[in-house]
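Trainee: Okay, predicted coordinates and the sequence, questions at the end:
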Amino acid sequence: MKTDTLTTIYRHNLWANQVLFELCAELTEEQLSTTVQGTYGTIFDTLKHISLAEQGYISRISTGERYQRAEDAPELTFKTMLESIHFTGNGFIEWSHKVGKEDFVTVDWDGTPRDIPKTIILTQVINHATEHRAQIMVTLTQLGIEPPELDAWMYFDIDSEA
């Protein structure tokens, strides 16, 4: 399927997240609690981190506001995280075409308000998810589990079959 560059990048991000989250949903509690030195934390904590960070990014891009998860919100489950990454992933695809170089959002940067280009937030989406997916894949490898191939070549093979 032919699409523009931004759509391809964000569709790949959504696909890679989905593949990894679905694989990890099949792991045992013990496996999900595994961490490897140099990574963010346990597999489950890293998946939660990706999911919540993407909620924060889409909130900043779409409303300019910081995402605030309700204190009484239920614990995240694989079902809710998968719903979340689909929502945010599709949002990034949509917003990547709406955000221009003149679009900024004010964020609290270590106690100092700073105007950040929304283009930087969209860039961070890709960098952040890629980094943490790689950390989870390292942890899976240490557990003796073959991690999924999430690179663009695999995505191209899957996408071109659609």
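Mentor: Happy to help now that I have it. Residues are numbered from 1 along each chain as shown.

Trainee: so who does Trp109 touch?
Mentor: Ile116 (CB atoms under 8 Å, 6 or more residues apart in numbering). To be clear about C-beta, it is placed using only N, CA and C from the backbone, and glycine gets the same treatment.

Trainee: State the phi and psi torsions of it.
Mentor: Note on Trp109: its backbone torsions stand at phi -110, psi 90 [degrees, to the nearest 10].

Trainee: Please name the bridge partners of it.
Mentor: When assigned by DSSP bridges, Trp109 has beta-bridge partners Thr112.

Trainee: What's the local residue count around Met81?
Mentor: Neighbourhood size, Met81 [other CB atoms under 10 Å]: 21.

Trainee: I figured it hits Thr46, correct?
Mentor: No. Counting by CB atoms under 8 Å, Met81 does not reach Thr46; the two are 11.2 Å apart.

Trainee: What are the buried residues along the helix or strand of the chain with the lowest mean pLDDT?
Mentor: Least confident element among the helices and strands of the chain, by mean pLDDT, DSSP states H and E: helix 152-161 (a mean of 83). For helix 152-161, the neighbour count (16 or more other CB atoms under 10 Å) marks Tyr155 as buried.

Trainee: Repeat that for stretch 25-39.
Mentor: Buried residues in stretch 25-39, counted by 16+ other CB under 10 Å: Leu27, Gln31, Leu32, Thr34, Thr35, Val36, Thr39.

Trainee: And for Glu71, the neighbour number?
Mentor: 5.

Trainee: What is the end-to-end distance of stretch 27-44?
Mentor: Length of stretch 27-44, first residue to last, CA to CA, to the nearest Å: 10 Å.

Trainee: hey, which helix is longest across the protein?
Mentor: helix 118-142 (DSSP state H).

Trainee: Mind giving me the packing neighbours of it?
Mentor: On a contact count with 3 or more CB pairs under 8 Å, 6 or more residues apart in numbering; DSSP states H and E, helix 118-142 meets helix 5-24, helix 43-62, helix 78-95, strand 104-109.

Trainee: Deepest in the core, which of these is it.
Mentor: The highest mean neighbour count among the helices and strands packed on helix 118-142, using mean count of other CB atoms under 10 Å, belongs to helix 43-62: a mean of 20.

Trainee: list the helices and strands that helix packs on?
Mentor: Looks like helix 43-62 contacts helix 5-24, helix 29-32, helix 78-95, strand 104-109, helix 118-142 (3+ CB pairs under 8 Å, 6+ apart).

Trainee: now the longest one against helix 5-24, angle please.
Mentor: Angular relation of helix 118-142 and helix 5-24 on a 0 to 180 degree scale: 30 degrees, by axes from the mean of the first three to the mean of the last three CA atoms, to 10 degrees.
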